[in-house]
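Asker: Structure, please.
(2 chains)
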There are 2 protein chains.
Amino acid sequence: MGTGQLATLIFQGFSGKIYPIHPRESTVLGLKAYRSIFDLPEIPDLAFMVLPTDIVVPKLEECGSAGVKAAVVVSGGFREVGKTGLEKERMLVRVAEKYKMVVIGPNCIGVSNFHIGMNTTYFPYQQDPGDITIISQSGTYSCHVYGYTRKFGMRLSHTVSVGNSAVVDLIDCLEYFAQEPRTKAIALYIEGLRDGKRFLRVAREVSPKKPVVALFVGGTLAGARAGMSHTGALGGDDSIYEGVFRQTGVIRVKTVQDMLDIAWALASLPPPAGRRMCVLTNAGGPGASMADACNREGLEVPEFSEKLKTGLKEILPHTASFSNPVDLTYFMDLHAMYERIPRMILESDEVDGIVMYGVFGSLLYRTLEEGLGGRIKYPIDEVVPVVRELLRKFVSYPGEYRKPVIVSSFWGTDDDALKQIADDGIPVYSSPERAVSAMAALYRYGRWLRSFNNG
Amino acid sequence: MGTGQLATLIFQGFSGKIYPIHPRESTVLGLKAYRSIFDLPEIPDLAFMVLPTDIVVPKLEECGSAGVKAAVVVSGGFREVGKTGLEKERMLVRVAEKYKMVVIGPNCIGVSNFHIGMNTTYFPYQQDPGDITIISQSGTYSCHVYGYTRKFGMRLSHTVSVGNSAVVDLIDCLEYFAQEPRTKAIALYIEGLRDGKRFLRVAREVSPKKPVVALFVGGTLAGARAGMSHTGALGGDDSIYEGVFRQTGVIRVKTVQDMLDIAWALASLPPPAGRRMCVLTNAGGPGASMADACNREGLEVPEFSEKLKTGLKEILPHTASFSNPVDLTYFMDLHAMYERIPRMILESDEVDGIVMYGVFGSLLYRTLEEGLGGRIKYPIDEVVPVVRELLRKFVSYPGEYRKPVIVSSFWGTDDDALKQIADDGIPVYSSPERAVSAMAALYRYGRWLRSFNNG
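Answerer: Here you go, the predicted structure:
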């Protein structure tokens, strides 16, 4: 197991030094191995321990006496296996206290900090570092999701699998990442909280500074039983947790998909000042879907004033819809689509944000050109630089107008234009309703912020 | 526009003959072009018309007189633009009636039948043909989604963009695909129905034979307004539509994601006989999420009997959870995971289906091997054939036991094992809760079928 996790660490291109410690081997995965912590040429910043349960505490003691100040204990066999394990966990805590060590685990998968290429899990993260941090009571959600985030384009900053939380728990991590500068939004996976009062206090401190989204699964009969057998977590009355999240401004979600979708929006965009949305589209179906979803999620799609409609009419062809949704139909004036129209809408006082469908790049045309072996030729080389430049402006609108812009597309970051805007801070969701759900969560966070700031 | 759609048709590898008709060019995309329908060497099965509005009716008349029995009219400028367009549309209908022609459109994107490589839309479908048919009042949902289905692994049989439905409407298509043998599930996108009574009658005939899923967006204020400006569809009271869907056994969904997710499950699997689910996992977090989602979606996760638990204990290591969820933790006995355990559970009378997390193939190991440039070697070549053979059995369980098995994974069909089971009829969803939502829809369809068959 330790070798597998070392393999990921090497794969990830960790920028620091790695010293494998192994009782017999002289090299591990090509790295010089040492017999014990005392043989290392320097005191490491972190000990990462994948060991048989019975030697974890003695080895942690060695680390402590050698001056190591932090450890991640992957090994299981502690509190989660019952009485004998609980005693071992108490000994582990005593060692940590004795040496003032920060210990994550035991019974965890590890931690990741993608900004320095540190990833101690089994799963390679094949994206650039981002600004979403996941703190999880499930190891899985701290690492299995890397294939998922890659597919959808949201990018992670750090992940922590808190495991048994013997020394450092989810609330400590929440406090830490509240002030960690590269983390812009925090996603929590919670099976149960031991110290609800402390969570209430800390979350209420964190939420106004940094958005927090929480997936709590222990509120149903089956969810609570599953959590109990998984991490020994005590689930609890769903309505109590619901109340805690509402009071603290933590955005509660019911699915992993929403957790990551909404963390992405919260990390990237200013919350809208109100619930009035413009639905901007170049296709009727997604326009109708987004409008319908807005209303179901408590957002409004107000009809535009005559003045704004008149302004749009001057830009748009007669086949377009000028009210709201604004449907460009097959209008291909890229300057209008990516600049004049969104600016006119955002400059107006009529909406608080835009949900948009219809950003596209060259993927379709390249696919067809290649498939037809030169029988057809699209002006790709001429159009791509124009689109690229327009999208550079497009991604700046949320900052410039302090209004969020969220995009949906059935394609993803395999298309150049969608990849560009996703990388530059406009979340792109794989279906119209997902974009609206993210906007609605952003609205709820903004509403909570306003109520918090008003007293 | 016509050239773009012809490009897709060629790209798709249409197995029939294509005769471009063009007023000036002698070839189009390398194909010999003709001046008129009367110049063709044979009477085509279908005329696909992308023409200026004013010559659509005369050209349709020519097709009719030449003996063409079916046409797709892409051109817009008919009823959707108001009074003058409505008159043109009436003339089009008269021509269709005169020659007994089946006409799709006008103002549509086209039709696809992937079994013969026919795709008249702008978007290439880069998957094998499947068994889900989409009938849509939005052109977008009949073709923009091909990138989406490819990413997630569900496969399409046919798509129809019904456009203005001047001659053939969504209900006609529903009737047709009810008896079309390669279609196993039908997905409807509805902005508004003109003839509710007829829909009620037809849907009630179709549902017992073939599952139907419907996305209706016209039930909210904004959705109805968007539909009106898009296709002139009259949305309607949401509760009336809801009642129609319930009475007819049509599974209603609220999002495009659910429409395709649920159509996939309905096309692939027998509905469960009841609401009792086994949650089978090798990771605690997704197990807890699936259990929680089951309860929220009205499914049960019953604790197993002592007998079944004892049976599972004989196979599983002591670290596993034996009740329900069954959590294998890091148990790597592939024969147990893919065969002995699922069979034991499905053979019992204690559950009606399985939602599973934890199917995986060689993607992770290949990625690490490649990334580490030979420094690490996994037994991929030995394990892959074993997994492949086990999964051949695994995919047969729903048929053998008449109980559905649905899988979720944060990876997708880029992993060999997940691709294999998805291709062989086990839907794979990108998050635990999506798998449960699909199972819940399957349960609702089964419940409706039982109530229908009982009178």
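Asker: can you pull out the helices in the stretch 51-200 of chain A?
Answerer: In the stretch 51-200 of chain A, the helices defined using DSSP state H, counting those that start in this stretch lie at A:53-66, A:83-98, A:139-143, A:146-152, A:170-178, A:196-206.
Asker: Quick one: the ones you listed as JSON lines, columns for mean pLDDT too.
Answerer: Output for these, formatted as JSON lines (pLDDT from 0 to 100):
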{"stretch": "helix A:53-66", "mean pLDDT": "97"}
{"stretch": "helix A:83-98", "mean pLDDT": "96"}
{"stretch": "helix A:139-143", "mean pLDDT": "95"}
{"stretch": "helix A:146-152", "mean pLDDT": "95"}
{"stretch": "helix A:170-178", "mean pLDDT": "98"}
{"stretch": "helix A:196-206", "mean pLDDT": "96"}
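Asker: can you redo these as JSON lines with distance to chain B and mean neighbour count?
Answerer: Where you see a C-beta, it was placed from the backbone N, CA and C, and this is true even at glycine. Shown next, in JSON lines, are those (distance: least, CB to the nearest CB, whole Å; neighbours: other CB atoms under 10 Å in any protein chain shown):
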{"stretch": "helix A:53-66", "distance to chain B": "11", "mean neighbour count": "18"}
{"stretch": "helix A:83-98", "distance to chain B": "11", "mean neighbour count": "16"}
{"stretch": "helix A:139-143", "distance to chain B": "4", "mean neighbour count": "28"}
{"stretch": "helix A:146-152", "distance to chain B": "4", "mean neighbour count": "21"}
{"stretch": "helix A:170-178", "distance to chain B": "13", "mean neighbour count": "20"}
{"stretch": "helix A:196-206", "distance to chain B": "18", "mean neighbour count": "17"}
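Asker: hey, where'd the strands end up in the stretch 301-450 of chain A?
Answerer: For the stretch 301-450 of chain A, applying DSSP state E, counting those that start in this stretch gives strands covering A:326-327, A:353-357, A:405-408, A:428-429.
Asker: Could you name the helices and strands sitting against the second one?
Answerer: The reference is to strand A:353-357. Using 3 or more CB pairs under 8 Å, 6 or more residues apart in numbering or on different chains; DSSP states H and E as the contact test, the elements touching strand A:353-357 are strand A:277-281, helix A:284-296, helix A:341-347, strand A:405-408, helix A:432-453.
Asker: Direction included, what does it pair against?
Answerer: strand A:277-281 (parallel), strand A:405-408 (parallel) (DSSP bridges).
Asker: okay, the angle between that strand and helix A:284-296?
Answerer: Here strand A:353-357 runs at an angle of 150 degrees relative to helix A:284-296 (axes from the mean of the first three to the mean of the last three CA atoms, to 10 degrees).
Asker: Report the distance from strand A:353-357 to the chain centre.
Answerer: Taking the mean of its C-alpha atoms, strand A:353-357 sits 21 Å from the chain's own mean (CA atoms, centre = their mean, to the nearest Å).
Asker: Kindly report the same for stretch A:171-182.
Answerer: Stretch A:171-182 sits 14 Å away from the centroid of its parent chain (CA atoms, centre = their mean).
Asker: Repeat that for stretch A:371-382.
Answerer: 37 Å.
Asker: can you give me the mean pLDDT across it?
Answerer: The average pLDDT within stretch A:371-382 is 91.
Asker: and that stretch, does that touch chain B?
Answerer: Yes: Stretch A:371-382 reaches chain B (CB under 8 Å from any CB of the partner chain) through A:371-372, A:375-376.
Asker: Just the pLDDT for residue A:386.
Answerer: Residue A:386 carries a pLDDT score of 96 in this model.
Asker: nearest residue to it other than its sequence neighbours?
Answerer: residue A:334 (6.3 Å; CB to CB, 6 or more residues apart in numbering or on different chains).
Asker: Go ahead and confirm the one you found touches residue A:390.
Answerer: Yes: using CB atoms under 8 Å, residue A:334 is in contact with residue A:390, at 5.9 Å.
Asker: contacting residues around the residue of the stretch 1-150 of chain A found nearest chain B?
Answerer: Nearest residue of the stretch 1-150 of chain A to chain B: residue A:138, at 2.5 Å (CB to the nearest CB). Counting by CB atoms under 8 Å, 6 or more residues apart in numbering or on different chains, residue A:138 makes contact with A:161, A:189, A:191, A:230-231, B:283-286, B:288.
Asker: want to throw the residues you listed into JSON lines with pLDDT?
Answerer: Output for the contacts of residue A:138, formatted as JSON lines (pLDDT from 0 to 100):
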{"residue": "A:161", "pLDDT": "97"}
{"residue": "A:189", "pLDDT": "97"}
{"residue": "A:191", "pLDDT": "92"}
{"residue": "A:230", "pLDDT": "72"}
{"residue": "A:231", "pLDDT": "70"}
{"residue": "B:283", "pLDDT": "91"}
{"residue": "B:284", "pLDDT": "91"}
{"residue": "B:285", "pLDDT": "94"}
{"residue": "B:286", "pLDDT": "96"}
{"residue": "B:288", "pLDDT": "95"}
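Asker: rewinding a little: among the strands of the stretch 301-450 of chain A, which is nearest residue A:98?
Answerer: Closest of the strands of the stretch 301-450 of chain A to residue A:98 is strand A:428-429, at 49.1 Å (criterion: CB to CB).
Asker: wait, which of the strands of the stretch 301-450 of chain A is closest to residue A:99?
Answerer: Closest to residue A:99 of the strands of the stretch 301-450 of chain A is strand A:428-429 (CB to CB; 46.4 Å).
Asker: can you list contacts of the closest one?
Answerer: Applying CB under 8 Å, 6+ apart, the contact partners of strand A:428-429 are A:152-153, A:261, A:359, A:406-409, A:412-413, A:418, A:421-422, A:435, A:438.
Asker: Out of these, flag the one nearest to residue B:274.
Answerer: So of those, ranked by how close each gets to residue B:274 (CB to CB), first place is residue A:261, at 32.5 Å.
Asker: which element is that closest one on?
Answerer: Counting by DSSP states H and E, the element that carries residue A:261 is helix A:256-268.
Asker: between the contacts of residue A:138, which is closest to residue B:100?
Answerer: Distances from residue B:100 to the contacts of residue A:138, taken as CB to CB, are shortest for residue B:286 (55.5 Å).
Asker: picking that back up, name the member of the contacts of residue A:138 that has the highest neighbour count.
Answerer: residue B:288 (37 neighbours; other CB atoms under 10 Å in any protein chain shown).
Asker: Could you pull up the residues touching the residue nearest to it when sequence neighbours are not counted?
Answerer: In space, and not counting its chain neighbours, residue B:288 is closest to residue A:226: 3.8 Å by CB to CB, 6+ apart. Contacts for residue A:226 (CB under 8 Å, 6+ apart) come out as A:191, A:217, B:279, B:284, B:287-288, B:290-292, B:301, B:325, B:327.
Asker: Over to residue A:290?
Answerer: A:279, A:281, A:325, A:355, A:357, A:408, A:432-433, A:435-436, B:226.
Asker: Can you tell me the number of residues neighbouring residue A:397?
Answerer: 21.
Asker: one step back: so which helix or strand takes in the residue nearest to residue B:288?
Answerer: helix A:221-231.
Asker: That helix: what's the following helix or strand?
Answerer: With elements assigned by DSSP H and E, the helix or strand that comes after helix A:221-231 is helix A:238-248.
Asker: For the helix or strand following that next one, which strands pair with it and how are they oriented?
Answerer: Downstream of helix A:238-248, the next assigned helix or strand under DSSP H and E is strand A:251-253. In the sheet, strand A:251-253 lines up against strand A:212-216 (parallel) (DSSP bridges).
Asker: Let me know the average pLDDT across the partner strand.
Answerer: Per-residue pLDDT values over strand A:212-216 give a mean of 97.
Asker: Same list, the helices and strands packed on strand A:353-357, but as a markdown table with distance to residue A:148 please.
Answerer: Compiled in a markdown table, those are given as follows (distance: least, CB to CB, whole Å):
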| stretch | distance to residue A:148 |
| --- | --- |
| strand A:277-281 | 27 |
| helix A:284-296 | 22 |
| helix A:341-347 | 29 |
| strand A:405-408 | 17 |
| helix A:432-453 | 13 |
